[in-house]
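# How does the following fold in three dimensions:
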Amino acid sequence: MRSGRRLKRSHFHRVLFISLLAGVFIYANAVSGEKEYEAKISLLSGKELLAPVLRDIGNAEEEILCAIYMFKTDDGRGGDTNLLRRELERAVERGIRVRILFDVEDRSGSIVNRFNKDTGEELAEAGADVHYDDPERRLHTKMMVIDRKVTYTGSHNYTYSAFNFNDEVTARVVSQGFAEEAARHIEDMME
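Prediction:
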């Protein structure tokens with residue numbers, strides 16, 4: 001009889017533990033703010049990124065938001081990043097609101113600062129709304145949101161090496177809900 005009670009008590013404790021664990025899991029997910037979205041996703045590696053991002057920028061109707069760690073267009077090797085910059089300038093010319101946030105570092109002689117300032121000045125001259133992150137923190141995001149419908153996010157910086165040599169991958173996510181959240185993230189960093 002005692003072993004029966006111990007078995008029932010042991011079973012009770014297991015059920016209680018599993019219930020508490022499930023409760024903690026449910027609570028943690030509820031307060032984390034994690035959201036799920038239906039989406040069409042394409043993975044783009046290396047140079048595969050260039051054609052779709054240029055096409056989507058060319059088809060933009062209202063707004064392009066971008067946060068980028070490094071956007072290097074002044075190296076003269078190939079035209080990949082210059083094509084990207086030029087397509088953003090064309091978007092501005094068509095009346096599309098282009099807002100871009102660049103990283104800047106809190107140290108003199110930084111190549112990130114030099115490249116981002118050069119590209120930022122070119123885009124600002126074309127009419128883009130250019131911002132620089134707080135030098136006290138590192139903006140390592142590589143994200144572009146087009147018309148709050150299409151989001152590009154991944155490891156690509158906008159550099160010749162990223163498009164041609166590095167092992168990079170970026171996801172093209174077609175989801176309005178996801179794009180809205182990504183746009184808010186970029187806008188929050190701009191403030």
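# now the most centrally placed residue in the chain, nearest residue through space, not along the chain?
Geometric centre of the chain, nearest residue: residue 143, 2.8 Å, by Cα atoms, centre = their mean. Residue nearest to residue 143 in three dimensions, not counting chain neighbours: residue 153, with 4.5 Å by Cβ to Cβ, 6 or more residues apart in numbering. To be clear about C-beta, it is placed using only N, CA and C from the backbone, and glycine gets the same treatment.
# so what pLDDT did the residue nearest to the centre of the chain get?
For residue 143, the model assigns a pLDDT of 98.
# measure it to residue 100 for me?
11 Å (Cβ to Cβ, to the nearest Å).
# Can you give me the buried ones in stretch 155-173?
For stretch 155-173, the neighbour count (16 or more other Cβ atoms under 10 Å) marks 156, 157, 158, 159, 160, 162, 163, 168, 170, 172, 173 as buried.
# With stretch 140-154 instead?
141-154.
# follow-up on the earlier one: tell me the contacts of the residue nearest to residue 143?
141, 142, 143, 144, 170, 171, 173, 182 (Cβ atoms under 8 Å, 6 or more residues apart in numbering).
# hang on, it in a strand?
Yes - the assignment for residue 153 by DSSP: H, G, I helix; E, B strand; the rest coil puts it in a strand.
# Bridged to it, which residues?
Judged by DSSP bridges, the bridge partners of residue 153 are residue 143, residue 171.
# Point out where this protein drops to low pLDDT.
Where the chain drops to pLDDT under 70, the residues are 1-33, 74-78.
# 80 - rerun?
1-34, 74-78 (pLDDT under 80).
# For residue 98, give me the backbone phi and psi.
phi -110, psi 120 (degrees, to the nearest 10).
# give me the number of residues near the nearest residue to it once chain neighbours are set aside?
Nearest residue to residue 98, sequence neighbours excluded (Cβ to Cβ, 6+ apart): residue 128, at 4.2 Å. When counting by other Cβ atoms under 10 Å, one arrives at 22 neighbours for residue 128.
# who are the neighbours in contact with residue 128?
88, 89, 92, 98, 99, 100.
# can you dump the C-alpha coordinates of the helix or strand encompassing residue 162 into PDB?
In the assignment (DSSP states H and E), residue 162 maps to helix 160-164. Extracted C-alpha coordinates of helix 160-164, given in PDB (Å, rounded to 0.1, in the frame of the first residue of the first chain):
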ATOM      1  CA  TYR A 160      32.300  44.400 -53.300                       C
ATOM      2  CA  SER A 161      33.700  41.600 -51.100                       C
ATOM      3  CA  ALA A 162      30.300  40.700 -49.700                       C
ATOM      4  CA  PHE A 163      28.800  40.500 -53.200                       C
ATOM      5  CA  ASN A 164      31.700  38.600 -54.800                       C
END
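# who does that helix touch, helix- and strand-wise?
helix 80-93 (3 or more Cβ pairs under 8 Å, 6 or more residues apart in numbering; DSSP states H and E).
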